[in-house]
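K.L.:
what follows is a predicted protein model with its sequence.
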Amino acid sequence: MDLYILFLIFLALLFDFLNGFHDAANSIATVVSTRVLSPRYAVAWAAFFNFIAFLFFGLHVAGTIGKGIIDINIMSKELILATLIAACAWDVITWYFGLPTSSSHALMGGLIGAAVVKAGVKGLVCSGILKTVAFIFISPIMGLILGLVLGTIVYRLFRKSAPTQVDKYFRKGQLVSAALYSLGHGGNDAQKTMGIIAGLLVSTGMLTIAPGETLQESIPLWVVLSCQGAISLGTMCGGWRIVKTMGQKVTKLRPVDGFCAESAAAMTLYLSTFLGIPVSTTHTITGSIMGVGAMRRFTAVRWGVAGQIVWAWILTIPCSAIISALVYLIVS
């Protein structure tokens, strides 16, 4: 394994770390803002469940990223370098401004931008791209609806209970919902980096897909463990700027609200991961928080902040694609 490939694997793991750092807010914002756990314990709780997620999910998302966005035959070291630089740059830019954007879509935009420069539109796998783009809209809407429905059910079940009793129940319940959400986050997001590293190894002849096997079945265990470890370490370091946006600026949360939002987001992530669709965990939890907030009253959601977040979602793929295209032109 030459130094260039080692550097690219390091860069991929750096992106994975930034993904965990950037998305730490998604995993812990509700549990911190409701004061169920201190920030220190919340990140440790989320990081642990991020790491063990590979034990519960297959590697379908890794297969989609590795060969379902661009033609694996055009994968090259330069293309992956441009993709990772663009995705890392976009993560840092949006973290600086406190915007909870999607690391997944930054990665996808990076792949698309470099692939178009290298091979034109024919280098893209349109079916995989369309499926992923569709879930830019489906996952937050699904999260919003599930958050709204789950919140309505819980509020009806506990409508005769004293507020202090409800708070006591759901402070404990939020530990479970935060763990379930962190499992979904680790299961979906870490696999995206696995797909990039697997694509790199295949393109350089260092990984061979056996007849009858899929890409995800051929991914070495060291790739799986290193990616789960990197995203967990990123979560441990946390992205505190985004915690404030997610936990307080969109809508104010109580333990019962946090439980409903995390549970709704976890259900959405589990479905997407089993289907092999690389969705945005950021979009999903934001939609769930909006759904729970709107359930109390429509004005409980700060729709101006929500609008800024949506614009950041829309810009992620084209902006990261442009950065990637420029980087690929320079390095090639």
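P.N.:
Great, that's in hand.

K.L.:
now do the helices in the stretch 1-150 of the chain.
P.N.:
3-33, 39-51, 60-67, 77-96, 103-119, 126-157 (DSSP state H, counting those that start in this stretch).

K.L.:
nearest to residue 225, out of these?
P.N.:
helix 39-51 (8.8 Å; C-beta to C-beta). To be clear about C-beta, it is placed using only N, CA and C from the backbone, and glycine gets the same treatment.

K.L.:
distance from the chain centre to the closest one, please.
P.N.:
For helix 39-51, the separation from the chain centroid amounts to 16 Å (computed by C-alpha atoms, centre = their mean, to the nearest Å).

K.L.:
can you pull the buried residues of that helix?
P.N.:
Across helix 39-51, burial judged by 16 or more other C-beta atoms under 10 Å covers 42-43, 45-51.

K.L.:
quick one: mean pLDDT for that helix?
P.N.:
Helix 39-51 shows an average pLDDT of 82 in the prediction.

K.L.:
give me whichever of the helices of the stretch 1-150 of the chain is most buried.
P.N.:
Stretch with highest mean neighbour count among the helices of the stretch 1-150 of the chain: helix 103-119 (a mean of 27; mean count of other C-beta atoms under 10 Å).

K.L.:
packing partners of that helix?
P.N.:
Applying 3 or more C-beta pairs under 8 Å, 6 or more residues apart in numbering; DSSP states H and E, one finds that helix 103-119 contacts helix 3-33, helix 60-67, helix 77-96, helix 126-157, helix 163-203, helix 303-331.

K.L.:
could I get the average pLDDT for that helix?
P.N.:
Here the average pLDDT along helix 103-119 is 90.

K.L.:
tell me how far that helix lies from the chain's centre.
P.N.:
Here the centre of helix 103-119 is set off from its chain's centre by 17 Å, with C-alpha atoms, centre = their mean.

K.L.:
ok, now stretch 83-99?
P.N.:
13 Å.

K.L.:
residue 262 is nearest to which of the helices and strands packed on helix 103-119?
P.N.:
When these are compared (using C-beta to C-beta), the closest one is helix 163-203, at 3.7 Å.

K.L.:
quick check: next helix or strand after the closest one?
P.N.:
Downstream of helix 163-203, the next assigned helix or strand under DSSP states H and E is helix 215-218.

K.L.:
what about the stretch 1-150 of the chain, any weak spots by pLDDT?
P.N.:
1, 24-27, 29-30, 98-100 (pLDDT under 70).

K.L.:
distance of the nearest residue to residue 329 once chain neighbours are set aside from residue 110?
P.N.:
Closest residue to residue 329 apart from its sequence neighbours, by C-beta to C-beta, 6 or more residues apart in numbering: residue 117 at 6.1 Å. To residue 110, residue 117 is 11 Å away according to C-beta to C-beta, to the nearest Å.

K.L.:
OK, contacts around the most centrally placed residue in the chain?
P.N.:
In the chain, the residue lying closest to the centroid (C-alpha atoms, centre = their mean) is residue 281, at 3.9 Å. Contact analysis of residue 281 by C-beta atoms under 8 Å, 6 or more residues apart in numbering lists 23, 26, 102, 104, 184-185, 188-189, 265, 269.

K.L.:
okay, now the closest residue to it other than its chain neighbours: neighbour count?
P.N.:
Excluding the flanking residues, the one nearest residue 281 by C-beta to C-beta, 6+ apart is residue 185, at 4.8 Å. By the criterion of other C-beta atoms under 10 Å, residue 185 has 30 neighbours.
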